[in-house]
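Peer 1: what would the 3D arrangement of this be:
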Amino acid sequence: MPPFQAENRIFFQHVIFVSGRYRQWGSDKLEVKKDVDYCFVVPIKPDKVLELKDFWREAGTKKAGTMDVYLRNVGQSRVMAFLETMEGEHYLTQYIRGSEELRTILMKNRGIDLPVADFIFREFQRFAGYDITAPENIPDLELLFDWTADRKTGEAMTESRAYAVMLLPEKAEEAKRFYARFREEWRMRQLEQYIENRVIKVLSFLQHRPEGDYIVEYVETAGNIDEVAGKIMRSEEPVFKNMKETFARLTGIDLADPRNMPRVELLFDWSADHGFRIGEAAMARSA
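Peer 2: All right, here's what the predicted structure looks like:
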C-alpha cells in the first residue's frame, strides 16, 4: 500500500468508490453492504484527456444543478474524480459512496430520463471506448483491506487520495497473500504506528481487467497527506520496508522513488451534504 505524491496538492488518479457488491478477501462469495466504499480504475484513450477534463469541469459548473439531481437519483452521496498520468498512460478513477450496489448504480444511468444521464453515458463511452454500464463491463473487484481508525487523531483537516497501480503478469495471487499477511500484522502490532503517522482510513482492492490486474487504494489522512506519505516512505520500520519491497516486486515500479510517482489532478468533488466542493475557479486552475 504505497503512499503517493501529487503535484500542487492535487490528488491521485481517477478511481471509483461505490457502495455495492464485492468479493470478500479470500472468498468467491458475493456480499452486499450499505455504504461500502469501492474503487476502480478506467484506462483513458490518450487523445481524450483534454475532453475528459472538460467533461468534469462542465459537470461541476454548467451542469451542476442537474448533476446534483442525477447523483442523488442513482443513490450516490459522495463522488470524487481524478485523472492520473503514469508512465505515459492516462487513467480515470472515481471515489463514490452510495446506497446501492455497484452494478445497480452504474446500470441505473440507462433508466434515468435526464439529459445529464445521456451526457454522462455518451462521454464515458468516448473516454474509455466502451459502455461502462453494460453488465459485462462492470468492474470486477476483490476487497483486500478495509480499515478505519476508531479514535480521533487530533487533526481537524483531512485529505484523501485514491490511486491504482497495474500488477505484473500472474502476480494477483501473490498480492492477495501479501495483503492477508499485512492484515494480520496490522491487527497484531501496527495499528498504533499508523495512528502515529495520522493515517485514519485505508481501502485496498484488486481489480481484474482484460489488460491485467490492478491494485486500487484509497487513503485518508489527518492533516497534510504529502507529509504523512513522506514519513511512511522514509520509515525504516520492518512493516513499511516490506511494503515498499513487495510493491516493487508486484508491479516492477519502485514507488518509493519520487520520479516514479504519477501526475495527479482532482477533477470533481461532490457530496450530498455539502454540494460541490471545488468551484469553477478551482477547476480552471487544475486544467
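Peer 1: my assumption is that residue 69 lies in a helix; please confirm.
Peer 2: Yes: looking at residue 69 with DSSP: H, G, I helix; E, B strand; the rest coil, it is inside a helix.
Peer 1: contacts only, for the closest residue to it other than its chain neighbours.
Peer 2: Leaving aside its chain neighbours, residue 69 sits nearest to residue 114 (7.0 Å; criterion: CB to CB, 6 or more residues apart in numbering). C-beta here means a position set from N, CA and C on the backbone, and glycine is covered the same way. Counting by CB atoms under 8 Å, 6 or more residues apart in numbering, residue 114 makes contact with 66, 69, 70, 73.
Peer 1: what's the burial count for residue 62?
Peer 2: When neighbours are counted by other CB atoms under 10 Å, residue 62 registers 11.
Peer 1: I'd like the distance between it and residue 43.
Peer 2: 27 Å (CB to CB, to the nearest Å).
Peer 1: now residue 206
Peer 2: On the measure of CB to CB, residue 206 and residue 43 end up 16 Å apart.
Peer 1: out of the two, which sits in the more crowded spot?
Peer 2: Set side by side, residue 206 and residue 43 show more neighbours around residue 206, with 22 against 19, by other CB under 10 Å.
Peer 1: mind checking the SS state of that one?
Peer 2: Going by three-state DSSP: residue 206 is strand.
Peer 1: and it, what pLDDT?
Peer 2: pLDDT recorded at residue 206 is 96.
Peer 1: any idea how far residue 44 is from it?
Peer 2: From residue 206 to residue 44 the distance is 21 Å (CB to CB).
Peer 1: how about the strands of the stretch 151-287 of the chain, start to end?
Peer 2: Under the criterion DSSP state E, counting those that start in this stretch, the stretch 151-287 of the chain carries strands at the ranges 158-166, 199-209, 212-222, 263-271, 275-276.
Peer 1: and the residue lying closest to residue 68 once chain neighbours are set aside, what are its bridge partners?
Peer 2: Residue nearest to residue 68 in three dimensions, not counting chain neighbours: residue 275, with 6.8 Å by CB to CB, 6+ apart. Beta-bridge pairing of residue 275, defined through DSSP bridges, involves residue 271.
Peer 1: for residue 275, the count of nearby residues, please.
Peer 2: 11.
Peer 1: roughly how far does it sit from residue 78?
Peer 2: For residue 275, the distance to residue 78 - CB to CB - is 11 Å.
Peer 1: try residue 228
Peer 2: For residue 228, the distance to residue 78 - CB to CB - is 21 Å.
Peer 1: tell me the secondary structure at the residue of the chain most remote from its centre.
Peer 2: Computed with CA atoms, centre = their mean, the maximum C-alpha offset from the centroid of the chain is found at residue 113, amounting to 28.3 Å. In three-state terms, and counting by three-state DSSP, residue 113 is coil.
Peer 1: just the pLDDT at it, thanks.
Peer 2: 75.
Peer 1: roughly how far does the residue nearest to residue 68 sit from residue 35?
Peer 2: Note on residue 275: its distance to residue 35, by CB to CB, is 19 Å.
Peer 1: likewise for residue 254?
Peer 2: Counting by CB to CB, the separation of residue 254 from residue 35 is 35 Å.
Peer 1: and residue 180, by the same measure?
Peer 2: 25 Å.
Peer 1: same question for residue 67.
Peer 2: For residue 67 relative to residue 35 (CB to CB), the value is 21 Å.
Peer 1: more neighbours: which of those two?
Peer 2: Neighbour totals were compared for residue 67 and residue 35, and residue 67 leads with 23 against 12 (other CB under 10 Å).
Peer 1: no more questions from me, cheers.
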